[in-house]
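Peer 1: Prediction below, plus the sequence it came from.
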Amino acid sequence: MLVSIGQVARKLGIKEGDYVRVEIGEDGASLRIVPVAWHLKEQEYFWSDEWQGRIQRSLKDLEERRFQTHETVEDLVKELENAADRKNR
């Protein structure tokens, strides 16, 4: 009987990019494939395509120096308040 990797993956509910642990049986003739999580469930949002896109855009902004600095916290607060006022007009 021939079994494809795709058939096994579907049966286990694993998709391309998922992490698995492969264990070889003591007899050397059997395999055990176990899906594994490589991050905490609470951190799942961080690994979403949307969040990773945001991270990449932020890193690009930093690399291209698209950010502002402020001398004091008060200056930062004023800038944020002004931005909020402009947005609400």
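Peer 2: Everything's here; your move.
Peer 1: Quick check: closest non-adjacent residue to residue 32.
Peer 2: residue 23 (4.2 Å; C-beta to C-beta, 6 or more residues apart in numbering). For glycine as for every other residue, the C-beta is placed from the backbone atoms N, C-alpha and C.
Peer 1: Any idea how many residues pack against that neighbour?
Peer 2: Neighbour count of residue 23, defined by other C-beta atoms under 10 Å: 11.
Peer 1: which stretches of the protein form strands?
Peer 2: Secondary structure of the chain by DSSP state E: the strands cover 19-24, 31-36.
Peer 1: For residue 89, which of these is the nearest?
Peer 2: When the strands of the chain are compared by C-beta to C-beta, strand 19-24 sits nearest residue 89, at 49.2 Å.
Peer 1: Okay, angle between that closest one and strand 31-36 too, please.
Peer 2: Note on geometry: by axes from the mean of the first three to the mean of the last three C-alpha atoms, to 10 degrees, strand 19-24 and strand 31-36 are set 160 degrees apart in direction.
Peer 1: partner strands of strand 19-24, parallel or antiparallel?
Peer 2: strand 31-36 (antiparallel) (DSSP bridges).
Peer 1: contacting residues around residue 5?
Peer 2: Contact analysis of residue 5 by C-beta atoms under 8 Å, 6 or more residues apart in numbering lists nothing.
Peer 1: quick one on the thing from earlier: make JSON lines from the strands of the chain and add mean pLDDT and distance to residue 51 to it.
Peer 2: Listed next are the strands of the chain as JSON lines, based on pLDDT from 0 to 100; distance: least, C-beta to C-beta, whole Å:
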{"stretch": "strand 19-24", "mean pLDDT": "90", "distance to residue 51": "18"}
{"stretch": "strand 31-36", "mean pLDDT": "86", "distance to residue 51": "21"}
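Peer 1: Sweet, I'm off.
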